[in-house]
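Student: Just need the structure, nothing else, for what follows:
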Amino acid sequence: MKAKEISTVPPEWSHWLNYMSDDIPTKGDMSGERPMYFVTREAFVTGDRPYMLPKGSWLNSEKRNWKKVSYWEPPKGGTVPKTN
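Tutor: Now for the predicted structure:
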């Protein structure tokens, strides 16, 4: 059995459930015009794809260069300039 999410409660009922209003919402109240910032509800997707994988994760399909150091190579002329 899947648990119910709090985000599934419509705003009209949330208002009543949190004691902000004494009027129980009716079907007519829920069909009213909603503000433009209201969006349709999307499922809670924690643990589902797509999810972010760090660059070093084994599950990340992008290959990472694990070389963190570069080794010193002497100059081609064979002499190293002296410092004072």
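Student: CA only for contacts and neighbour counts going forward, please
Tutor: Fine.
Student: ranges for the helices of this protein?
Tutor: For the chain, helices defined by DSSP state H occupy the ranges 11-17, 27-30.
Student: mean pLDDT for those: which is lowest?
Tutor: Among the helices of the chain, helix 27-30 carries the lowest mean pLDDT, a mean of 58.
Student: okay, now the residue nearest to residue 13 when sequence neighbours are not counted: neighbour count?
Tutor: For residue 13, ignoring the flanking residues on the chain, the nearest one in space by Cα to Cα, 6 or more residues apart in numbering is residue 25 at 6.4 Å. Residues lying near residue 25 (other Cα atoms under 10 Å) number 15.
Student: you'd agree residue 25 is up against residue 12?
Tutor: Yes - if you go by Cα atoms under 8 Å, residue 25 and residue 12 touch, sitting 6.3 Å apart.
Student: show me what contacts the residue nearest to residue 13?
Tutor: 12-13, 16 (Cα atoms under 8 Å, 6 or more residues apart in numbering).
Student: Check the residues you listed for burial and list the buried ones.
Tutor: residue 13 (16 or more other Cα atoms under 10 Å).
Student: now the contacts of residue 25 as TSV including distance to residue 57?
Tutor: As requested, the contacts of residue 25 are exported to TSV (distance: Cα to Cα, whole Å):
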residue	distance to residue 57
12	43
13	43
16	46
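Student: pretty sure residue 60 contacts residue 51?
Tutor: No - under the criterion of Cα under 8 Å, residue 60 is not in contact with residue 51, lying 10.5 Å apart.
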